[in-house]
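J.: Sequence first, then the predicted structure, then my questions.
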Amino acid sequence: MHRQAIGIDIGGSSIKAALVDLTRGTLIGERKSVPSPAMSAVSEMMDAMAAALPDNASNLMAGVTFPGVVVGGTVYTAANVAKAWIGQPLAEPAAQKLKRQVVAINDADAAGLAEVQFGAARDVKGTVMVLSLGTGIGSALFVDGKLVPNTELGHLEFDGMEAEARASGRARMERKLDWTSYINELNYVLNSIHALFWPDLIVLCGGITADNPNLCDDLKVRSQLKVGALRADAGIVGAAYATTLAQGVWITPAKAVSK
Ligand code: BGC
C-alpha cells in the first residue's frame, strides 16, 4: 500500500487538505484551507477542491469527506449543505478534476477512522462510537475496529428534537446556551444514544472539543468517554486513510483517469 495519500475534508465553511503520512497518521507539510462552496453548485466545489490540493501531491490517491451520507462515491443526504447534492456523484467528478483516483466518505466516518487507526480509539476492542460536534452531529460506529458506515445518529430525535438541533456546536450558538445548559443537552443526547447502542467507548471530536479539551470532565455517561486525539486534522487523516481500505459498496474508487 502507498504510505502517503491526500486527505480533503469538505466542511460547510471551509475545505481543508493536506498530504498525509499513512504510517503515522500525521500531516506532511502545510495544510491548505479554502472557503467551501458547499451551498453552491457542484462545479464550484470541484474548482475549490482543486485549489486546496497540496502542491507536492504528485499522482497520489485522494480521499474526500462530505458532510452527508456517501455510498459508492455518491452523496445521498445534505442536511447542512445545498440540497442539490442529494443524488450527486462526488468521487467520479473529483477524480476527473483532480486527475487521480478518489474515494469519497462521510466526514464523521473519516474522523472516526482516524481516531481508531491513530488516535483516542486505537486498539480498542468492542463497540466504539465517534461523535463529531460541529455544524451538525456526525457519528461513526465501529465494532472491533471495523466501521459500520453512514450511521446518522445526529438525526435521531429525542423528545421531539433532533440530537444535532439540541447539542451540535451550531445549536449551542443558535440557542444561545450557556456552558451549563449546553452540557445538560449534550449529556442528555449522549445518554440517549448510549441507551440505544451501549458503546464501550465514546470519542468526541469537532470544534467544541478543540476549544474545550476538558469537556469530558463535565459529562456523565456510563461508557468510557474521551476527546479525539487528532483534533482538527481527524477528517483529513481519515479521508487519506480511506484510500487504503478494500473496495466496498461504500467507497468505490472512481476509475483511474489518465493525465
Ligand atoms: C449529516 C452527517 C454529517 C454530520 C456532520 C449531519 O447533519 O447528516 O452526514 O456527518 O452532519 O457533518
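T.: Received the coordinates, thanks.

J.: only C-alpha atoms for contact and neighbour calcs from this point on.
T.: Fine.

J.: Enumerate the residues of the stretch 51-200 of the chain near the ligand.
T.: Those residues of the stretch 51-200 of the chain that sit near the ligand, judged by Cα under 6 Å from any ligand atom, are 67-69, 79-80, 106-108, 136-138, 152.

J.: Closest to R31 out of these?
T.: In terms of Cα to Cα, no member of those lies closer to R31 than D107, at 17.1 Å.

J.: That closest one contacts I8, correct?
T.: No: D107 is beyond contact range of I8, at 9.9 Å (criterion: Cα atoms under 8 Å).

J.: which residues do these two both contact?
T.: Contact criterion Cα atoms under 8 Å, 6 or more residues apart in numbering; residues shared by D107 and I8: 65, 235, 239.

J.: doesn't the first one fall inside a helix?
T.: No: secondary structure assignment places T65 outside any helix; it is strand (DSSP: H, G, I helix; E, B strand; the rest coil).

J.: hey, what's it bridged with?
T.: Applying DSSP bridges to T65 yields these beta-bridge partners: D9, I105.

J.: dump the residue contacts of it.
T.: Contacts of T65 (Cα under 8 Å, 6+ apart): 8-10, 104-107, 110, 235-236, 239.

J.: export those residues to CSV and tack on pLDDT and distance to A165?
T.: CSV is the format used below for the contacts of T65 (pLDDT from 0 to 100; distance: Cα to Cα, whole Å):
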residue, pLDDT, distance to A165
I8, 97, 26
D9, 97, 23
I10, 96, 21
A104, 94, 26
I105, 95, 23
N106, 96, 19
D107, 97, 18
A110, 97, 22
G235, 97, 22
I236, 98, 25
A239, 97, 26
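
J.: Serialize those residues to CSV and add fields for neighbour count and distance to D144.
T.: Below are those laid out as CSV (neighbours: other Cα atoms under 10 Å; distance: Cα to Cα, whole Å):
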residue, neighbour count, distance to D144
I8, 32, 26
D9, 32, 25
I10, 28, 27
A104, 33, 23
I105, 33, 20
N106, 31, 20
D107, 30, 20
A110, 31, 16
G235, 35, 21
I236, 33, 23
A239, 35, 20
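
J.: With that, I have no additional questions.
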